[in-house]
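Q: Prediction below, plus the sequence it came from.
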Amino acid sequence: MTNIIKRTTLIVRDIEASRQWYEQVLDMSVYYDDEVVLSGVGFAAGQAGDRTHLLIMQAADPEIGMIGLLQWIDPPMAAPAEIPTSVTFGNPTFVVRSDDSRGAWEAAKALGTHVHAEPHEWSIKGADGLMKHFIGVSLFDPDGYFYELNQLQRESAA
């Protein structure tokens, strides 16, 4: 059996604010943009007949790494009052290979993003046994989804 995860879909409060964030911070582009009426069968949210707006944002790879942004239009979905600023069970952590983590951080700051960690150096031993040295940035998107952007600086013997 072969399974390839192509996309993660996130429920968002304001699809236009999210679009702007994903375009400016993660340098993604719109792959799909349409209204979707739910059948009430396959998705574990909403009801049959709910109208939603689905944007699929595409990263550099043409097939993987896509992020779906889904906003309920009719009826609107009530959002939690507070936007998360920490990660716990049930919250994903998105890890992004970046070629400009500082530039992403600057774009994020300009949009008022909650930044958990400004650009910082860190290292970890990779699966190949080499030490990977990064400039990392940790931040939350407008709905509180957590992103770790890592820019590889160099590799060295462990």
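A: Thanks, I have it.

Q: Would you map the strands across this structure?
A: 7-11, 29-37, 51-58, 66-74, 93-97, 115-125, 130-140, 146-157 (DSSP state E).

Q: between those, which one is nearest to residue 104?
A: For the strands of the chain, proximity to residue 104 was assessed by CB to CB; strand 146-157 is nearest, at 5.3 Å. Using the backbone N, CA and C atoms, a C-beta is placed for each residue, glycine as well.

Q: Using CSV, lay out the strands of the chain together with mean neighbour count.
A: Below are those laid out as CSV (neighbours: other CB atoms under 10 Å):
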stretch, mean neighbour count
strand 7-11, 15
strand 29-37, 12
strand 51-58, 18
strand 66-74, 19
strand 93-97, 13
strand 115-125, 13
strand 130-140, 19
strand 146-157, 16
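
Q: The ones you listed: which one's closest to residue 22?
A: Residue 22 lies closest to strand 51-58 among these, at 4.6 Å (CB to CB).

Q: C-alpha coordinates for that closest one, PDB please?
A: The C-alpha atoms that make up strand 51-58 are tabulated as PDB, following Å, rounded to 0.1, in the frame of the first residue of the first chain:
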ATOM      1  CA  ARG A  51     -21.400  26.300   2.200                       C
ATOM      2  CA  THR A  52     -17.700  26.700   2.600                       C
ATOM      3  CA  HIS A  53     -14.900  28.600   0.900                       C
ATOM      4  CA  LEU A  54     -11.800  26.400   0.200                       C
ATOM      5  CA  LEU A  55      -8.500  27.800  -0.900                       C
ATOM      6  CA  ILE A  56      -5.600  25.400  -1.500                       C
ATOM      7  CA  MET A  57      -2.200  27.100  -1.200                       C
ATOM      8  CA  GLN A  58       0.700  25.500  -3.000                       C
END
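
Q: got the contact list for it?
A: 7, 9, 15, 18-19, 22-23, 26, 28-38, 46, 65-74 (CB atoms under 8 Å, 6 or more residues apart in numbering).
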